[in-house]
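*Asks:* Sequence first, predicted model second:
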Amino acid sequence: SQSTRVVLSAAQISTTIEDEEVILHVDSGAYFGLDGVGGRIWELLDDDPSVGEIEATIHDEFAVDREQVETDVRAFVAELESEGLVRLVNDESDGA
């Protein structure tokens, strides 16, 4: 849901090299590289944002149709979760 928080996994380390986010999954040894919108989403994860906050930022910064942003952001976050790079936290008790 829009209020679900996206939290970086403790099983990853990442850095920025030139214009790319480079991520290592410590347990599996797999490397990932993100640039463009994916890289921007990864940068936003430093603050444990909600899915809705990510969608709003991407919509504002990239001037993409809101429906498309929702579809793409949710698919991307699901992929990050399936790779063990993030975990999703339902935090509806904070009033957000």
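*Replies:* Perfect, I can see it now. Numbers count the residues shown, from 1 in each chain.
*Asks:* drop to CA atoms for contacts and neighbour counts, all remaining ones
*Replies:* Will do.
*Asks:* gap between His59 and Ala30?
*Replies:* Taking Cα to Cα, to the nearest Å as the measure, His59 and Ala30 are separated by 30 Å.
*Asks:* Please identify which of the two sits among more neighbours.
*Replies:* Remark: of His59 and Ala30, His59 carries more neighbours, 17 against 11, as counted by other Cα atoms under 10 Å.
*Asks:* so what's that one up against?
*Replies:* Neighbour list for His59: Asp65, Arg66, Val69 [criterion: Cα atoms under 8 Å, 6 or more residues apart in numbering].
*Asks:* Tabulate these (JSON lines), appending neighbour count and pLDDT.
*Replies:* Formatted as JSON lines, the contacts of His59 follow (neighbours: other Cα atoms under 10 Å; pLDDT from 0 to 100):
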{"residue": "Asp65", "neighbour count": "11", "pLDDT": "92"}
{"residue": "Arg66", "neighbour count": "14", "pLDDT": "93"}
{"residue": "Val69", "neighbour count": "19", "pLDDT": "95"}
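*Asks:* now, which of those residues sits nearest Gln12?
*Replies:* Nearest to Gln12 among the contacts of His59, counting by Cα to Cα, is Val69 at 25.4 Å.
*Asks:* Point me to the helix or strand that includes the closest one.
*Replies:* For Val69, the host element (DSSP states H and E) is helix 66-82.
*Asks:* In terms of secondary structure, what does that helix contact?
*Replies:* Here helix 66-82 touches helix 51-62, strand 86-90, going by 3 or more Cα pairs under 8 Å, 6 or more residues apart in numbering; DSSP states H and E.
*Asks:* quick one, which of these is nearest to Ser9?
*Replies:* Across the helices and strands packed on helix 66-82, Ser9 has its closest neighbour in strand 86-90 (4.6 Å, Cα to Cα).
*Asks:* Check which residues of that closest one are buried.
*Replies:* By neighbour count on 16 or more other Cα atoms under 10 Å, the buried set for strand 86-90 is Val86, Arg87, Leu88.
*Asks:* who touches that strand?
*Replies:* For strand 86-90, contacts defined as Cα under 8 Å, 6+ apart pick out Ser3, Thr4, Arg5, Val6, Val7, Leu8, Ser9, Val77, Leu80, Glu81.
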